[in-house]
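J.: When you get a sec, could you give me coordinates for this:
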Amino acid sequence: MTEDTITIRLMTANDLDAILKIDAKILNSSRLEYYQFKFERLFSSSDYLPTSFVAEDNGTVVGFLMGELYVGQFGILQEVASIDTIGVDPSCQLKGVGKKLMNAFIDHLRQIGVNKINTLVDWNDAGLIKFFSANQFSPSRTINLERNI
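T.: Below is the predicted model:
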């Protein structure tokens, strides 16, 4: 695989199995229910706007980036997108797949008038923080608040 053989396309409902396999390789466990819920929301909604992508190498899905578009939610008065899930097959990491996915996502958002992207990253996930930093993400002015109950 080379960066030249990687193609990016919009995610379809048929990509579920490939995404499950990649995610299981990364986490060493299955998140079937999570992805079934995500795919139902993404592809069964009448107001779905495509913002999720897959990366393919010679027709095989090797990575994915799942995003959502928010308009006026959480008191935010502008169109803002979020990245909630990203994964690249471990055998394909550090080969430009994530960068190509991010670029396609950003280009798509620009075309539909979005000017801000948010995401959440575990403070202890240095690899993911490094990836987002390399893609020009920085700490935001909003603070993620939580409460244990």
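J.: From here on, just use CA atoms for contacts and neighbour counts.
T.: OK.
J.: The longest strand belonging to the chain: what's the following helix or strand?
T.: Using DSSP state E to assign secondary structure, the strand with the most residues in the chain is strand 60-71. Beyond strand 60-71 on the C-terminal side, the first helix or strand identified by DSSP states H and E is strand 79-88.
J.: mind listing what's buried in that following strand?
T.: For strand 79-88, burial by neighbour count (16 or more other CA atoms under 10 Å) applies to 79-83, 86-88.
J.: ok, now stretch 120-139?
T.: Judged by neighbour count (16+ other CA under 10 Å), stretch 120-139 contains these buried residues: 129, 132.
J.: same thing with stretch 88-100?
T.: 88-89, 97-100.
J.: distance of Lys21 from Cys92?
T.: According to CA to CA, to the nearest Å, Lys21 stands 13 Å off from Cys92.
J.: do you know how far the closest residue to Val88 other than its chain neighbours is from Ser52?
T.: Spatially, and ignoring its direct neighbours in sequence, Val88 is nearest to Gly63 (4.0 Å; CA to CA, 6 or more residues apart in numbering). Using CA to CA, we find Gly63 at a distance of 11 Å from Ser52.
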